[in-house]
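Q: Model the following, please.
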Amino acid sequence: MSDQPDDIWPPDPTTIDLNDGSWVSRGEAQYLTRSSADTITRRMEDEDIAIQVGKKWWINKPRLLAPSKKRK
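A: Numbering: from 1, shown residues only. Predicted coordinates:
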């Protein structure tokens, strides 16, 4: 997990460990939330939950699963 506080977004890429279990792919995010690809994409656009590393997007699992202030 990153050493940065959660309120700093996007995180510094040099502090991210994609193998620590706190980052998931879009497909894994769909599975975890039982959501469609469109829903995950919309959340990535509307909420600070994802970062791009190279050509691949990674979604922060704690932010993905946390209750959203935008969704009620």
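Q: ranges for the strands of the protein?
A: Here the chain has its strands, by DSSP state E, at 23-24, 50-53, 56-60.
Q: now Pro13: how far from Gly27?
A: From Pro13 across to Gly27, the span is 22 Å (C-beta to C-beta, to the nearest Å). (Glycine included, C-beta is placed from N, CA and C.)
Q: how about the strands of the chain, which one is nearest Ala37?
A: Nearest to Ala37 among the strands of the chain is strand 56-60; the distance by C-beta to C-beta comes to 11.6 Å.
Q: Tabulate the strands of the chain in a markdown table, adding columns for mean pLDDT.
A: A markdown table is the format used below for the strands of the chain (pLDDT from 0 to 100):
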| stretch | mean pLDDT |
| --- | --- |
| strand 23-24 | 96 |
| strand 50-53 | 92 |
| strand 56-60 | 95 |
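Q: Now distance to Arg34 and mean neighbour count too, for these, in JSON lines please.
A: Listed next are the strands of the chain as JSON lines, based on distance: least, C-beta to C-beta, whole Å; neighbours: other C-beta atoms under 10 Å:
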{"stretch": "strand 23-24", "distance to Arg34": "14", "mean neighbour count": "22"}
{"stretch": "strand 50-53", "distance to Arg34": "18", "mean neighbour count": "15"}
{"stretch": "strand 56-60", "distance to Arg34": "15", "mean neighbour count": "19"}
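Q: Just the buried positions in stretch 13-31, please.
A: Ile16, Ser22, Trp23, Val24, Arg26, Ala29, Gln30 (16 or more other C-beta atoms under 10 Å).
Q: Among those, which are located in helices?
A: Arg26, Ala29, Gln30 (DSSP state H).
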